[in-house]
Structure formats: structure tokens, C-alpha cells
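Participant: The sequence isn't on hand, but the structure is:
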């Protein structure tokens, strides 16, 4: 059943508050029911979501086209338009992700450790659902499907609040997801979506809906994440921007370096795993950086460099102070020549958002030091940062890439959406 929230831009405050509280209560009841459903039921529900989404593809694409028309008329930035857009191929990818999530091992009830201390108690640590999730996200309608499927896989009910710019797309996707849930015998309240464009709905979610929400996950730009972290009265799992670096070490294979840098930046510039800064070792900059720059400019990428870069790359414009901490999400790359591995690690420590960092090198010592010392959710050696994606990690999909240090870090899949409890079996022991 579609939530009773009014889809108009301005909902009377009293009504909106009551409707949001009711949504929270329904989610809590659905979470209790879902916790009693077995893994097979959850698998059947996710497969049903995928099948319903395929059968309703025409409605979803039509809704997305309408959202794109509005976004274009409003002058939305190209990168955001790319995030918003669905076509038949992208929708097939969303459906395939659901099928992958249905196929991954169910995390609920898994025993992660078991031991017997001196008191003779049999103690086990067991994965359990978190309960009710609320996810606030922008622009990308595929998140609606991914988040719903991962929440169900982990035994959680979820309240979704997407951006107003993709409301039609999200509602069309949600309708298909609900059909899949109901076919499996699960309540439609397991996956609810806020249907109003009224921004006040976000404020209600941040209150926790009278204790109904257990974990809040923001996925979007810095302003959204910072607002959620500042105002939320419930636990938050943050997904901050991806100010990602590729460092080309002096020992790097030139052909490998060129291929990785080009892919990391230009495969898809609007994803959070795209590289935003290139660091090149001074020892090889003169011989390799011009070739890398030519590859990038031929692909349509603008370069903003430090003085050493601009001296080697005529097409580069001078970088400003803000460039080193900017997530462009556009075909723009900042480039700096660093003295050595120490310089690269220092630069990353200062400017990184903690998302994804990569080194290209042949020197095993340099690789291991980079992987050990660089502090980010994902650190890579000799691979494109575009692999920063839950599907590429074998998670089936992801809610996003967590840049937090607690609870979960890196790609957040089904396992990361569980908590745990301790199950103790005794033989009549009493404590002396």
C-alpha cells in the first residue's frame, strides 16, 4: 500500500507530522514481522522485486523521462542529470543488482563466533537485523531499489526519502518493489517511501519518528550529510563525498598508470568512486605526466594543476586552493607533482574525504606502506577507483560507501546492515 503522505509540495504541518509518525509505527511493526520471516522468504521477496521491476520497466522509464524533463528545464548540472537518468541498460543493471542481492548468503542468524570461558557458559555471537532503517538520498533512483533489497536481505524494514528531483522515478520503482514484497507474503510496510516533496519530512525523519528509526543513512552531498549528522537524534551512518586520489609512484608501469588514471577519472565522472585528484611522483613526472594528460584531455577532461604540472602540461590551468578538496563529479581533474611516497601520503591525509585512495606502483614495499598508512574506507593498489562499488565487491549492491569509522566502513551491503546479539546457553550455572 502506498504511504498516506500527501504528494503535494506543501503539506499542512500537523498532518505531515502525524503521517510521518504513522509511517514509523508501520515500519516498526513490519520489522518485527520480517524478523520472523526466514531467509527463503526474504530471497523470494527480493526476486519478486526484480521480476516486478522488469515487468513495470515501461512505467519506470516513463516516470524517469518526466523527471529528466523537469530537471533539464530547471537547469540541473550535467553530473546530476547523469545520476538521475535511467535508460533500458541502466534499468537492466538495477534489476541484475536485485538478482545478485537475492543470491548472496543471508546474513541474519549467522554465528560469527562461539566460545566457552571458565564459567562453562556456551556463548555465541549471532548476527541480527538492526530493525528500522531510514535512508535519505539524492538524485540516483537506483538507490531506491538497491536500498530496499539490501534492507530486506538483512531483515530490516526501511523508510526511503529520495530527492524531489526524482520523485516520479522513485515512486514508480517503489510500486514495483511493493508488488514483489506482497507476492512473497510480506507487508508492503516493509519498504515505505516518503511521497511528499515537502522538505519538512526530512526534519521529521531526523527526530527518529518517536523512536521508530534505529539507524539513519544519508547518501548525498556534503550539505545533506552534515545536516543529518548535526540534527539527527538517532544513530547515523555517514556517506560523505568522494575526494579520491590516484598516486602514480616512481616504480609504476607507464602503460598501467595511463590506463588506470584514465578509467578512474573518465569511465563515469558522476559516481562517488571517480578520481578527483592525480598525484604523480616527481621522479617520473617529466616522462609520464604529459602522456597521461594527453589521454585525459583527448577524452574531454579539463586539468587543473600545481606549478610543476602546469610547466609540464600546457593544457592545464592553475589549480586554486579549493581544487584539492573538491568532488567535481565532472570531467575535471586536479593534478599535483609530489616529491615521493611521503608527499603523496601527506597530501591524501590532508585532503582525502576517507572514501577511496589508490596507488599505481611495482615496488611492493611502496604498495604495502601505502595500503597500511593511508586512512580511507577503501585503499587500492594497481586498480581503478571506479571499483569502489558494492556490486564489484560481491555484495550484490550497496547502500553507499561509508566514510565513517564506526559500525561499517567502505561499501555498505547486507552484512553491514546487521547488528548482533550474544546467545548464552548454560547448565544451571549461578554466579558466586
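Facilitator: Now that the structure is in, tell me what you want to look at. Not measured: the values here are computed from a predicted model. Numbers count the residues shown, from 1 in each chain.
Participant: need the contact list for residue 301.
Facilitator: The neighbours of residue 301, taking Cβ atoms under 8 Å, 6 or more residues apart in numbering as the test, are 265, 266, 331, 332, 333. C-beta coordinates here come from the backbone N, C-alpha and C atoms, glycine included.
Participant: May I have the phi/psi pair for residue 281?
Facilitator: phi -60, psi 130 (degrees, to the nearest 10).
Participant: Low-confidence regions, the stretch 301-432 of the chain specifically.
Facilitator: The stretch 301-432 of the chain contains no residues with pLDDT under 70.
Participant: Would you map the helices across the stretch 51-200 of the chain?
Facilitator: Under the criterion DSSP state H, counting those that start in this stretch, the stretch 51-200 of the chain contains helices at 57-73, 78-84, 88-103, 142-153, 167-183, 200-206.
Participant: Max pairwise distance over the contacts of residue 301: which two?
Facilitator: Checked with Cβ to Cβ, these reach their widest spread between 266 and 332, with 10.8 Å between them.
Participant: hang on, the earlier thing: deepest-packed of the helices of the stretch 51-200 of the chain, please.
Facilitator: helix 142-153 (a mean of 28; mean count of other Cβ atoms under 10 Å).
Participant: Centre of the chain to it, how far?
Facilitator: 11 Å (Cα atoms, centre = their mean, to the nearest Å).
Participant: could you check the angle helix 88-103 makes with that helix?
Facilitator: 10 degrees (axes from the mean of the first three to the mean of the last three Cα atoms, to 10 degrees).
Participant: Tell me the helices and strands packed up against helix 142-153.
Facilitator: helix 39-55, helix 88-103, strand 132-137, strand 157-161, helix 167-183, strand 191-193 (3 or more Cβ pairs under 8 Å, 6 or more residues apart in numbering; DSSP states H and E).
Participant: and with 7 Å instead?
Facilitator: Applying 3 or more Cβ pairs under 7 Å, 6 or more residues apart in numbering; DSSP states H and E, one finds that helix 142-153 contacts helix 39-55, helix 88-103, strand 132-137, strand 157-161, helix 167-183.
Participant: elements contacting the second one?
Facilitator: Under the contact definition 3+ Cβ pairs under 7 Å, 6+ apart, helix 88-103 sits against helix 39-55, helix 57-73, helix 142-153.
Participant: any idea of the angle the second one forms with helix 39-55?
Facilitator: Right, the one you point to is helix 57-73. 70 degrees.
Participant: Show me the contact partners of helix 57-73.
Facilitator: Outside helix 57-73, the residues within contact range by Cβ atoms under 7 Å, 6 or more residues apart in numbering are 53, 81, 84-86, 91, 141, 165-166, 168-169, 171-173, 176.
Participant: and if you look at the last one?
Facilitator: Taking Cβ under 7 Å, 6+ apart as the criterion, the residues outside helix 142-153 that touch it are 42, 45-46, 49, 53, 94, 97-98, 101, 104, 106, 133, 135, 137, 158, 160, 162, 170, 173-174, 177, 190-191, 219, 397-399, 413-414, 417.
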